[in-house]
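Chemist: Build me a structure from this.
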Amino acid sequence: MRISIAAVILALMSLQAGKSQATTECELLTRIMNSLGSRMSINRYIISSKGDSEAAKKASDELSEQNKSYRKAKAQYKKANCKSVWDK
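Modeler: Model prediction:
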């Protein structure tokens, strides 16, 4: 009887550990996407301001790379079965 109780406790602990890792992964991916989104917004503003053409070129190049990174992060987010209040 004692062995079965210990097995149940270990099983519950392993399930909890998996849940914590999944939550941590989802939180990390959310932070990454939020950070990228913020930087993308700044670069869009720089491009649209029509000020310095050199800065706009640099912002455009950065935006292109950030867009690729955002898409990869979003794919990982979906693959990890992450959910948020915005997901439908």
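
Chemist: what about Ala55, distance to Arg44?
Modeler: 13 Å (C-beta to C-beta, to the nearest Å). Heads up, the C-betas are built off the backbone N, CA and C, glycines and all.

Chemist: now do Gly51
Modeler: 14 Å.

Chemist: Which one's more surrounded, these two?
Modeler: Arg44 (13 against 10; other C-beta atoms under 10 Å).

Chemist: so which strand or helix has that one?
Modeler: Element membership for Arg44, per DSSP states H and E: helix 2-48.

Chemist: Give the next helix or strand downstream of that helix.
Modeler: Assignment by DSSP H and E places the next element after helix 2-48 at helix 53-79.

Chemist: burial measure for the closest residue to Tyr77 other than its chain neighbours, as a count.
Modeler: Nearest non-adjacent residue to Tyr77, counting by C-beta to C-beta, 6 or more residues apart in numbering: Leu29, 4.6 Å away. Leu29: 19 surrounding residues under other C-beta under 10 Å.

Chemist: Contacts only, for Leu29.
Modeler: With contacts defined as C-beta atoms under 8 Å, 6 or more residues apart in numbering, the neighbours of Leu29 are 73, 76-77, 80, 82.

Chemist: and those, which are buried?
Modeler: 73, 76-77, 82 (16 or more other C-beta atoms under 10 Å).

Chemist: now these in TSV, with distance to Glu25 and pLDDT?
Modeler: Shown next, in TSV, are these (distance: C-beta to C-beta, whole Å; pLDDT from 0 to 100):
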residue	distance to Glu25	pLDDT
Ala73	11	94
Gln76	8	94
Tyr77	9	92
Cys82	7	88
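
Chemist: and of the residues you listed, the nearest to Ala59?
Modeler: Ala73 (20.0 Å; C-beta to C-beta).

Chemist: Does that closest one touch Ser35 like I think?
Modeler: No. Using C-beta atoms under 8 Å, Ala73 is not in contact with Ser35; the gap is 9.5 Å.

Chemist: Let me know the closest of the buried ones among the contacts of Leu29 to Asp61.
Modeler: Ala73 (19.1 Å).

Chemist: Could you check how far the closest one is from Ala56?
Modeler: For Ala73 relative to Ala56 (C-beta to C-beta), the value is 25 Å.

Chemist: Cool, thanks, talk later.
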